[in-house]
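>>> okay, here's the prediction I keep looking at, along with the sequence it came from:
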Amino acid sequence: MTQRWPILVFALVMLAIPYVPGMPPFWLVLLDNIGLSALVAMGLVLLTGVGGLTSFGQAAFVGFGAYTTAVLSANYGVSPWLTLPASLIVSGLAAVVLGLVTVRLSGHYLPLGTLAWGLGLFYLFSKLEFLGRNDGVSGIPPLEIGGFRMLDPGAIYYAVWIAVLVSAVLTTNLLDSRTGRAIRALRRGHVAAEAFGIHAPRAKLLVFIHAAVLAGLSGWLYAHFTRAVNPTPFGAQAGIEYLFVAVVGGAGYVWGGVLGAAIVVILKEVLQSYLPLLLHGSGQLETIVFGLLLVALLQLAPTGVWPWLTGRLTLRRIGRKPDSAIELPARVRPEAASDVLLQVDNARKQFGGVVAVNNVSFDVQAREIVALIGPNGAGKSTTFNLITGVLRATSGSILVLGKRIAQAPPQEIVQLGISRTFQHVKLVPDMTVLENVAIGAHLRGRAGPIASMLRLDRADEARLLAEATRQIARVGLTEQINQLAGSLSLGQQRIVEIARALCVDPMLLLLDEPAAGLRHMEKQRLAALLRELRAGGMSVLLVEHDMGFVMDLADRIVVLDFGTKIAEGTPAAIKTNPKVIEAYLGAGA
Ligand code: ADP
Ligand code: MG
């Protein structure tokens, strides 16, 4: 939860500004422009700063919003209040179409893709007859409420800034929710997010639509502000400028979008009015100076001016005290200890010529701790990836409670009650421990994006956070619950991953080197926790190099070497197995 009172103060200040005696109308025009730009930048914050999807094409969505209302209201006489939903829907639909194509792109292709549509749509706007080609559409009516026509900049000012404030609150709410966590998890790559049931393309598409609808809203306001539209403000150059606004303000922060808009709009205005006087009329120079100033600003505040100014103060999370008495329904567990939970049957994985997993078979029963050991590169982590659907087996099959899961995506496998940690920790470093762990409970929540924006998700959210709090307490990290995950030691981060995996309420927990980086006492705590989980009916499959830890804990051990299973048995049998001693344990073990 972020603090609410600064928003209220800001709203009151903005409300008062037009009443300041002697306020030049020109300033109100600037403020209108700031608000219009802030709406687009806010969408980019979510898209680029939070979701990690860089878009150069947002101006096109402003265009969709502006042209929709321009054509409907100027040419067909439709009331602007009716064209508002139309503008938002058209922008949103355009985002669905473009997003479906674009979100599947990765790396540099994604920003290039957005640049391509930015250029393409500009061309389209300037060529279509019914959009007035290069001349655009004029004669757009002003907004009007009960006979009050918002003709001057001081009047539409309220419409613009109410839109900005409402959008900022809705966007902040969205980020602080189950859906928001899913979006924020994406930036660190898909693997961890998908392991907890997050559908990455769907989450990305949602962000695309949200950003586009905000841009469309800006376009709708713009059209009724300028009362004429032409293609120029919706081209690729404008798209690049919007991205600049978001980055300068602080692309990870909703209010960074607003601040960035203020900085860029005012800076441009100042340069345009004063630079020619200073340099005796040599034009075009302001673009260069503008660019240089922005680069200097980013040197000073690389993550944007907002976090630099606030010292992240206003974004500091208030320590939440979720009610740990609220329960989530638990999974039905297999009754008999002899039930085979997981069966790996002749699983094989080849990477080109490398056989990482060579026809390996073993199983894990209910209420059993099985250890998978072997030298580095033996194929242990790859086996985990096959079981959890991160990788597809070249051949062989994997069965959960007798049902084949080969080829099932990670999101389906986690639903079956298999959750995991990663050898290389995959937490979101700038999210708190609580938020990271709550990602584990993603599938146990229901609230969608709309409910989250409107804060109708609070009961659902309280249940998820209560569950996360319980699991954090269980692994002994209650004191760190509101710290950023990235500030913890690597050993503690591994434990956070265990809490996240426990939030799935798994039948089978896969732990990849959980004790690495832990101190002796911490290892003992971990061992005690795993025994407690086993007693509670959970099974654990464990990769670990600390042989003391493994031998004490495991019911059974499977040994891999060069992808091949060379032994399987009780700790006592494995300890004395000559093949294992030769390949892995060494004579001294
Ligand atoms: P372990 O976890 O037992 O140390 P891994 O399962 O990580 O071993 O790796 C087994 C083998 O597969 C190694 O030779 C490794 O280089 C190779 N390998 C693992 N993942 C990939 C990948 N994504 N692409 C190509 N080779 C891989
Ligand atoms: Mg490994």
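Sure, I can see it. Numbers count the residues shown, from 1 in each chain. Ligands and ions are numbered 1, 2, ... in the order given.
>>> next secondary structure element downstream of the helix or strand hosting Ile7?
Per DSSP states H and E: Ile7 is located in helix 5-16. Going down the chain from helix 5-16, the next helix or strand is helix 25-44, by DSSP H and E.
>>> quick one, phi/psi of the nearest residue to Thr570 once chain neighbours are set aside?
Closest residue to Thr570 apart from its sequence neighbours, by C-beta to C-beta, 6 or more residues apart in numbering: Arg556 at 6.4 Å. From N, CA and C alone the C-beta is placed, and that goes for glycine too. Main-chain torsions, Arg556, degrees, to the nearest 10: phi -150, psi 150.
>>> quick one: Leu541 is in a helix?
No - Leu541 sits outside any helix when classified using DSSP: H, G, I helix; E, B strand; the rest coil, being strand.
>>> re earlier: spit out the contact partners of the residue nearest to Thr570.
The neighbourhood of Arg556, defined by C-beta atoms under 8 Å, 6 or more residues apart in numbering, consists of Glu368, Ile369, Val370, Ala371, Glu568, Gly569, Thr570.
>>> again, 10 Å this time
By C-beta atoms under 10 Å, 6 or more residues apart in numbering, Arg556 lies in contact with 362-365, 368-371, 568-571, 573-574.
>>> would you show me how to pick out the buried ones of the residues you listed in ChimeraX?
In ChimeraX, this line selects whichever of the contacts of Arg556 come out buried by 16 or more other C-beta atoms under 10 Å:
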select :362,363,364,365,368,369,370,371,568,571,574
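>>> what's around the nearest residue to Pro329 once chain neighbours are set aside, how many residues?
Of all residues not flanking Pro329 in the chain, Arg444 sits nearest, at 7.9 Å (C-beta to C-beta, 6+ apart). When neighbours are counted by other C-beta atoms under 10 Å, Arg444 registers 20.
>>> for the host helix or strand of Ile495, packing partners?
Ile495 belongs to helix 490-502 when assigned by DSSP H and E. Packing contacts for helix 490-502, counted by 3 or more C-beta pairs under 10 Å, 6 or more residues apart in numbering; DSSP states H and E, involve helix 190-195, strand 418-420, helix 433-439, helix 458-475, strand 508-512, helix 520-535.
>>> what does Gly374 show for phi and psi?
Taking degrees, to the nearest 10, you get phi 150, psi 160 for the backbone angles of Gly374.
>>> just the one 3 residues further on next, same as before
Summarising the backbone geometry of Gly377 under the convention degrees, to the nearest 10, its torsions are phi 80, psi 10.
>>> how much space between the closest residue in space to it that isn't next to it in sequence and ligand 2?
With C-beta to C-beta, 6+ apart as the criterion, Gly377 has its nearest non-adjacent residue at 7.7 Å, and that residue is Phe562. Per C-beta to the ion, to the nearest Å, Phe562 is found 14 Å from ligand 2.
>>> next: Gly51.
29 Å.
>>> so where do the strands sit in the chain?
Using DSSP state E, the strands found in the chain span residues 137-138, 144-145, 148-149, 228-229, 340-351, 354-365, 369-373, 395-400, 403-404, 418-420, 508-512, 539-543, 556-561, 564-569.
>>> format the ones you listed as CSV; extra columns: mean pLDDT.
As requested, the strands of the chain are exported to CSV (pLDDT from 0 to 100):
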stretch, mean pLDDT
strand 137-138, 87
strand 144-145, 82
strand 148-149, 81
strand 228-229, 92
strand 340-351, 94
strand 354-365, 95
strand 369-373, 97
strand 395-400, 92
strand 403-404, 86
strand 418-420, 96
strand 508-512, 96
strand 539-543, 96
strand 556-561, 96
strand 564-569, 95
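>>> winner for burial among the ones you listed?
When these are scored by mean count of other C-beta atoms under 10 Å, the highest mean neighbour count falls to strand 418-420 (a mean of 27).
>>> that strand vs ligand 2: in contact?
No - under the criterion of C-beta under 5 Å from the ion, strand 418-420 makes no contact with ligand 2; the nearest approach is 12.2 Å.
>>> which helices and strands sit right next to that strand?
helix 190-195, helix 380-387, helix 410-415, helix 490-502, strand 508-512, strand 539-543.
>>> ok, which of these comes nearest ligand 1?
helix 380-387 (3.2 Å; C-beta to the nearest ligand atom).
>>> got CSV for the helices and strands packed on strand 418-420, with distance to ligand 2 too?
Below are the helices and strands packed on strand 418-420 laid out as CSV (distance: least, C-beta to the ion, whole Å):
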stretch, distance to ligand 2
helix 190-195, 14
helix 380-387, 3
helix 410-415, 17
helix 490-502, 13
strand 508-512, 6
strand 539-543, 6
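>>> would you turn those into CSV with distance to Val400?
Formatted as CSV, the helices and strands packed on strand 418-420 follow (distance: least, C-beta to C-beta, whole Å):
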stretch, distance to Val400
helix 190-195, 15
helix 380-387, 9
helix 410-415, 8
helix 490-502, 16
strand 508-512, 8
strand 539-543, 11
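>>> in JSON lines: those, plus distance to ligand 1.
Shown next, in JSON lines, are those (distance: least, C-beta to the nearest ligand atom, whole Å):
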{"stretch": "helix 190-195", "distance to ligand 1": "11"}
{"stretch": "helix 380-387", "distance to ligand 1": "3"}
{"stretch": "helix 410-415", "distance to ligand 1": "15"}
{"stretch": "helix 490-502", "distance to ligand 1": "15"}
{"stretch": "strand 508-512", "distance to ligand 1": "7"}
{"stretch": "strand 539-543", "distance to ligand 1": "7"}
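>>> quick one: closest of the ones you listed to Thr83.
helix 190-195 (37.3 Å; C-beta to C-beta).
>>> tell me the bridge partners for whatever residue of the stretch 201-350 of the chain ends up closest to ligand 1.
Of all residues in the stretch 201-350 of the chain, the one sitting closest to ligand 1 is Lys349 (7.7 Å; C-beta to the nearest ligand atom). Beta-bridge partners of Lys349, counted by DSSP bridges, are Val357.
>>> pretty sure it sits against Phe384.
No - counting by C-beta atoms under 10 Å, Lys349 does not reach Phe384; the two are 11.1 Å apart.
>>> what sits in contact with each of those two?
Joint contacts of Lys349 and Phe384 (C-beta under 10 Å, 6+ apart) are Leu391.
>>> point out where this structure drops to low pLDDT.
1-3, 280-283, 312-325, 333-338, 587-589 (pLDDT under 70).
>>> remind me, longest helix of it?
Counting residues, the longest helix in the chain under DSSP state H turns out to be helix 200-226.
>>> and this protein, what are its domains?
29-236, 360-417+507-589, 430-505 (automatic domain parsing).
>>> tabulate the ones you listed in CSV, adding columns for distance to Ala330.
Shown next, in CSV, are the domains of the chain (distance: least, C-beta to C-beta, whole Å):
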stretch, distance to Ala330
domain 29-236, 17
domain 360-417+507-589, 10
domain 430-505, 6
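>>> which residues are in contact with the closest residue in space to Val78 that isn't next to it in sequence?
By the measure of C-beta to C-beta, 6+ apart, the closest residue to Val78 outside its immediate chain neighbours is Leu72, 4.2 Å from it. Neighbour list for Leu72: Val78, Ser79, Pro80, Leu82, Thr83, Ala86, Ser87, Val90, Val137, Ile140 [criterion: C-beta under 10 Å, 6+ apart].
>>> so which of those residues sit within helices?
Under the assignment DSSP H, the contacts of Leu72 contribute Pro80, Leu82, Thr83, Ala86, Ser87, Val90 to helices.
>>> quick check, Gln415 in contact with Val504.
Yes - with contact defined as C-beta under 10 Å, Gln415 counts as touching Val504 (8.9 Å).
>>> more neighbours: which of the two?
Legend: neighbour count by other C-beta under 10 Å for Gln415 and Val504, higher for Val504 (26 against 12).
>>> could you give the bridge partners of the closest residue to that one other than its chain neighbours?
Counting by C-beta to C-beta, 6+ apart, Val504 lies nearest to Ser419, which is 3.8 Å off, once chain neighbours are set aside. On the basis of DSSP bridges, Ser419 is bridged to Leu509.
>>> just use 417 as the starting number from now, easier for me
Fine by me, first position is 417 from now on; the one you just mentioned is Ser835.
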